[in-house]
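*Asks:* the amino acid sequence is not available; the structure is as follows:
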Ligand SMILES: [Mg+2]
Ligand SMILES: [Mg+2]
Ligand SMILES: [Mg+2]
Ligand SMILES: [Mg+2]
Ligand SMILES: [Mg+2]
Ligand SMILES: [Mg+2]
Ligand SMILES: [Mg+2]
Ligand SMILES: [Mg+2]
Ligand SMILES: [Mg+2]
Ligand SMILES: [Mg+2]
Ligand SMILES: [Mg+2]
Ligand SMILES: [Mg+2]
Ligand SMILES: [Mg+2]
Ligand SMILES: [Mg+2]
Ligand SMILES: [Mg+2]
Ligand SMILES: [Mg+2]
Ligand SMILES: [Mg+2]
Ligand SMILES: [Mg+2]
Ligand SMILES: [Mg+2]
Ligand SMILES: [Mg+2]
Ligand SMILES: [Mg+2]
Ligand SMILES: [Mg+2]
Ligand SMILES: [Mg+2]
Ligand SMILES: [Mg+2]
Ligand SMILES: [Mg+2]
Ligand SMILES: [Mg+2]
Ligand SMILES: [Mg+2]
Ligand SMILES: [Mg+2]
Ligand SMILES: [Mg+2]
Ligand SMILES: [Mg+2]
Ligand SMILES: [Mg+2]
């Protein structure tokens, strides 16, 4: 589908101006949005707008990083929105010129409708041209990153104390999933930040001083997001490593209990086994007190073992 | 609440000058502090001071990094104080102009009162204008970071020896909490350091040479804090990794004891079990010396096992 | 083998022009491809083309990184294709001059034939000279990297969920092999990216503005590949570390089960062993209810143990 | 205590010149050393020398990094010596001017006496002024870092082979202590290196070409120290990680032995236990050969188990 | 020992020219090689050549990094060869001037003889002066690094598959030794690379354009070596981490087998033990079918346990 809007030279807002008329002299500037276009509509990039073949190739392929290319008569952007379910990047391609902007995306994007409505409702913005459409679009998309990162940050802060005080496998699995999500988000946000930096600093993309403040504001937001992602990635790494350290400690405790019980009772059971043998001639079995002597010997062995473990400080683990 | 102070053109200190009069020609410069302001008071940023909408947006939102934005007629700062309990950042917004400074913060801040008293008591400072208020404010806030980092550093130094010589789960949990705290502190201190660097080096923020020395002194302190945090983070990582290495060693020792005891006594117990069976025809049970022969065989097996373990050097672990 | 093609001054495409004639004045520019050359053919680099001895040495040795050297009368490149089986780099050496290009490679390369056919079929490209041959060659080779990286990325995404929910050694071995493959790919792709950057930015390699866009497009692809490799390497590290954390947790669970069963039954078995001894004088054996008393004592010990483990929260692991 | 020395305009060395006379016109240049000064002596920095308040604050506080501040009429340095016992940094503050140098340190420093004697004994150096005192002081202090790092490097090289071939807990504890010491040393040496770099490159600190070579020599030494520390830190990390890998392998071996012995004998002991039961009606107990049949069955089970373990390749661990 | 060679102004090669004559006007340029010099010979650096004291100090000390110092009338280099046995660096000191080169090394170096012979045999090189001697020397030494790195790379590639498919302690120990060797090699090769970069880029070391290509060729080789070392270090880290992951998996398998066998047979053995007790009044012992009932109960318990383990998926480990 193709949506359009245009501002006429006599300062009127025209919604859904027919594409055939859009290059007419009557329009001050216009916006054409290729929204999930058909193959036929894709042809228009070359046949109607005559963009450079490399830009069209980048537009149609889905393997671009966020980027900015300068051509003789227009600039070409790729920016990324993030799919809320999969956290994968979705590409938005922008061709911008002094008096038009062409956007192209293969996924439905609610932000596009919002931007159009905003412009329609703010006649003051009609003078600001295509660059204002672009600013609003990037701003809306970057704003949509925040809830994704905040949600992860909030969960991680909630999980942190839980993990310190008990062995919670479900919490650890959540942490590891968030860690993976943060990596996925970073793959979009880092190149977006680099792109905004390039927009602000490039001498070929001549922003007016008043315009620059707006793009610097978006760059600020992307810096904040990058900081949060890096910091939360490091937090998940710390949580995982702490979990490992506590697990290894707990394992020591478990094994100590098993070892204490085993090393005390296995030798005693052996002694009992010896006197349970059925040899016909076993002199020890006869004496009246021999049974009690063996019991006492067993008790002494058990106590000696316990004292030994006590001396080695193993009992600290029973407190676990 | 809104607090004000002003210096008149004839060099008088006016405390709590009414806001309506503050733009009068009688004042050389003034300071307006929005201290936990009401929504009505927040409106004044736009209606009374006419700041740029982007600056007001940044001021009212709480998701800023420490930053510095240049506008046509004023500069806008965000700086961060650190909550002593949670270690989370709390935002302070500063609008600065040649002859006024407006500060805005949603949390109570004892530093503000201290700065005002200091200025009131030092008439010499009255000529130094809004920049001096800003310097004092940042200096006090950065000074308040130090006790937080020193406390962690002191604890870590105390914990280090403890951890090398014994397995101390409580100490390890403390180390891991400090590691998490350091990460939290770094999220504030790193961007503050970058901000101070920008204040010192920006050509648009024209500091007099005498003023620059003061901000460089704060930058020094932030460099020192960054060094301490990085170094202590690395120390906690080393402590955790060493703890893991010693734990793994201790586990080897525990398992060796269990294995030695088990591999000696389990086969012997089996032999005793065999001669404890109640078959009617078991020829070995009859001979006069068979019981003693079995005892000797058992003894030989046990000694052979011990010699084998001795040869493999396993007894080193009993020294643990 | 040596393949040639040439464009004559009167704009004709000559396939397999004899090498002896190739320096004739009749050709506008020409391409000589040394395809798995014989030692005799290798001699021609010095005897026929008179290249600099250092460039010839780099060409014949196989230990080069992708690189670009400027000589007085020509430029010398080394680029790398990747062997699809081994993922090892294979060297392609390029000597380029205003009116000729010489390529040299010791492995068969299907890309070479493709480039020649493309040029033959596009008369428009005949004016663009040797630099166009070079562009097409590098573009084809960099395009051939993508399937290798995409295949790994797709597998890793498929493996990720599998690993979170079960202990799957085969999946982990696959992850570790992909990690190793990514390292191998990076050894080629990183220096290729650096080389393309140098081609674009070097003032000595004077690209026309229209030509630069084409090499920037390849650089974009290499940036994208580098991002993917780094990101996937980090993903494999995360998967391995998560696997370790879950394994360590599972080990805790296994050992807890063993310890619970052992610490309950080993002492009870000892008690049974004691009353299985054959001493002639064991008073406890006589009473009518003593057997039942012992059974009850055993039951109480077992229940007490279970309650203790329950209190310590060990049963959480049976849910594993 | 305050030590002084001065060079008169007629080229005489004056030891312990009284402080009151030191600003007299008769001296070409002089050196005042505040050696563990009393609070009264500390006052002199402000009252007698009139240094800038920020420099005096940095001098009296102990929380500085090595640094260099430029003031209108003097330069201010903080450098660090290292306490040989604790490896903690000790601060030395230096105020340097064209014709005087003031040093200030709260710990006794043998280097100071050495430098004074050296100057007294080398009349040639009397013309070189305060900068020569500073060079000698820094050179002596940096030279004193080397034995500390060499000692660690030598120990680590000696420990490396020991750790590869046996499980040596004491050696590992030494390695971990050296790792911690290296981190402590780096906290001093890294900022010192940055300081020397700044001394060499700062345009405001105008070193003569002949003087620069001397400071570059110190910088070389600090580069060498940094290299050694980083390299040795990495060596300790490798040693620790290798120790973990070998420990984990050894654990596998221990557990395999335990598992082999247990899985063979526990089932056999159970069988013996069954035929040790005292039921009145157990038909198997009667047959003449049943005892031998059970023994043979047990033997077959044991051999089958051993064959199984052999097939799985577990016996490799007995070679451990 | 001191070796010399000289080229006379009338273009003759003089081998072993006496040192006393070497500054004569008859020589165009000369080379003096201090090969494992005696203390007396060391004196000549100061007394005969009058080099700067700092350069002589660096030359005599053995603690230098590869470096380049500019003095008024000569340049001073330190380069490092690598001892093939220990992989430790050995220092070669070079003083170079427009018409002489002095080399100084405390270890025998076969490269020196080779360079001399090469020059003697190539009269064309006699015009190229001391810089050509230096180039040949560095080139030969850097070439001698390659076999050391290639040997490690080849071994590691051979070991990689071995480690993935079986637990091979000897292979792991080899990997860890190679990892340590690579660290040792990097300590020499990284500073050498930085030195070559400095030689190429320094404006004070005026290389002719034709000379620069030769030093860039050496720099290429050092870049290649650095890439190989970093990449192989990372490969060893991956191999070690994978080994740990597989070991941890194997441990899980071993413990599962032990736990399955123990949890099945330990309770059964207890039951057998109970009925092996010798109490006079044990009613269960009397019934005709009680023995069989107990056997059936035991069988049911064992099967129930196996079903439980099967359901939990533990049997996957028997496939190990
Ligand atoms: Mg692209
Ligand atoms: Mg990316
Ligand atoms: Mg913002
Ligand atoms: Mg920000
Ligand atoms: Mg990461
Ligand atoms: Mg970190
Ligand atoms: Mg912000
Ligand atoms: Mg941060
Ligand atoms: Mg400071
Ligand atoms: Mg500092
Ligand atoms: Mg960290
Ligand atoms: Mg470190
Ligand atoms: Mg090369
Ligand atoms: Mg590489
Ligand atoms: Mg592209
Ligand atoms: Mg790209
Ligand atoms: Mg990596
Ligand atoms: Mg990362
Ligand atoms: Mg400081
Ligand atoms: Mg530091
Ligand atoms: Mg030196
Ligand atoms: Mg050095
Ligand atoms: Mg480290
Ligand atoms: Mg490294
Ligand atoms: Mg040096
Ligand atoms: Mg090094
Ligand atoms: Mg080369
Ligand atoms: Mg190279
Ligand atoms: Mg490394
Ligand atoms: Mg890497
Ligand atoms: Mg790294």
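*Replies:* Happy to help now that I have it. From a predicted model like this one, the values you see are computed outputs, not experimental measurements. Ligands and ions are numbered 1, 2, ... in the order given.
*Asks:* how distant is stretch A:212-226 from the center of its chain?
*Replies:* With Cα atoms, centre = their mean, to the nearest Å as the basis, stretch A:212-226 stands 19 Å off its chain's centre.
*Asks:* is it anywhere near ligand 3?
*Replies:* Yes - using Cβ under 5 Å from the ion, stretch A:212-226 reaches ligand 3 at A:217, A:220-221. All C-beta atoms are positioned from the backbone trio N, CA, C, and that covers glycine.
*Asks:* quick one: buried residues of that stretch?
*Replies:* Buried residues in stretch A:212-226, counted by 16 or more other Cβ atoms under 10 Å in any protein chain shown: A:213-226.
*Asks:* need those in a markdown table (columns: distance to residue A:25 and pLDDT).
*Replies:* Below are the buried residues of stretch A:212-226 laid out as a markdown table (distance: Cβ to Cβ, whole Å; pLDDT from 0 to 100):
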| residue | distance to residue A:25 | pLDDT |
| --- | --- | --- |
| A:213 | 33 | 85 |
| A:214 | 30 | 89 |
| A:215 | 30 | 91 |
| A:216 | 35 | 89 |
| A:217 | 35 | 88 |
| A:218 | 34 | 92 |
| A:219 | 37 | 92 |
| A:220 | 40 | 88 |
| A:221 | 39 | 89 |
| A:222 | 39 | 93 |
| A:223 | 43 | 91 |
| A:224 | 44 | 89 |
| A:225 | 43 | 93 |
| A:226 | 45 | 93 |
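*Asks:* looking at these, which are in helices?
*Replies:* A:213-226 (DSSP state H).
*Asks:* which pair of those spans the longest distance?
*Replies:* Within those, A:213 and A:226 form the most distant pair, 20.3 Å apart (Cβ to Cβ).
*Asks:* list the contacts for the closest residue to ligand 9 within the stretch 201-320 of chain A?
*Replies:* Residue nearest to ligand 9 within the stretch 201-320 of chain A: residue A:227 (25.0 Å; Cβ to the ion). Residues near residue A:227 by Cβ atoms under 8 Å, 6 or more residues apart in numbering or on different chains: B:65, B:187, B:191.
*Asks:* the last one belongs to a helix?
*Replies:* This points to residue B:191. Yes - Residue B:191 forms part of a helix when assessed by DSSP: H, G, I helix; E, B strand; the rest coil.
*Asks:* is it in contact with residue B:64, as I believe?
*Replies:* No - in this structure, residue B:191 is not within contact of residue B:64 by Cβ atoms under 8 Å, at 9.5 Å.
*Asks:* one step back: and the contacts of residue A:227, which is the shakiest by pLDDT?
*Replies:* Ranked by pLDDT, those bottom out at residue B:65, which has 77.
*Asks:* secondary structure class for that one?
*Replies:* Once three-state DSSP is applied, residue B:65 turns out coil.
*Asks:* measure it to residue A:231 for me?
*Replies:* 11 Å (Cβ to Cβ, to the nearest Å).
*Asks:* same deal with residue A:142?
*Replies:* Going from residue A:142 to residue A:231 by Cβ to Cβ gives 18 Å.
*Asks:* now do residue A:29
*Replies:* Distance, residue A:29 to residue A:231, by Cβ to Cβ: 41 Å.
*Asks:* need the residues of the stretch 151-300 of chain A near ligand 3, please.
*Replies:* Those residues of the stretch 151-300 of chain A that sit near ligand 3, judged by Cβ under 5 Å from the ion, are A:217, A:220-221.
*Asks:* re the thing from before, residue B:65 and residue A:231: which has the busier surroundings?
*Replies:* More neighbours surround residue B:65 than the other of residue B:65 and residue A:231, with 22 against 17 (other Cβ atoms under 10 Å in any protein chain shown).
*Asks:* with adjacent residues omitted, what lies nearest to the more buried one?
*Replies:* Spatial nearest neighbour of residue B:65, chain neighbours left out: residue B:191 (4.7 Å); criterion: Cβ to Cβ, 6 or more residues apart in numbering or on different chains.
*Asks:* now swap in residue A:288 and tell me
*Replies:* Leaving out its chain neighbours, the residue that sits closest to residue A:288 by Cβ to Cβ, 6+ apart is residue C:281, at 5.0 Å.
*Asks:* so who does that neighbour touch?
*Replies:* Contacts of residue C:281 (Cβ under 8 Å, 6+ apart): A:287-291.
*Asks:* same check on residue A:148?
*Replies:* Taking Cβ under 8 Å, 6+ apart as the test, what residue A:148 contacts is A:82, A:84, A:87, A:185.
*Asks:* okay, which residue is most central for chain A?
*Replies:* Closest residue to the average C-alpha location of chain A: residue A:182 at 2.2 Å, with Cα atoms, centre = their mean.
*Asks:* pick out the residue of chain A closest to ligand 13.
*Replies:* Counting by Cβ to the ion, chain A gets nearest ligand 13 through residue A:65, at 29.3 Å.
*Asks:* verify the stated contact: that residue with residue A:78.
*Replies:* Yes - Residue A:65 is in contact with residue A:78 according to Cβ under 8 Å; the separation is 7.1 Å.
*Asks:* now residue A:15. Its backbone dihedrals?
*Replies:* Per-residue torsions, residue A:15: phi -90, psi 140 (degrees, to the nearest 10).
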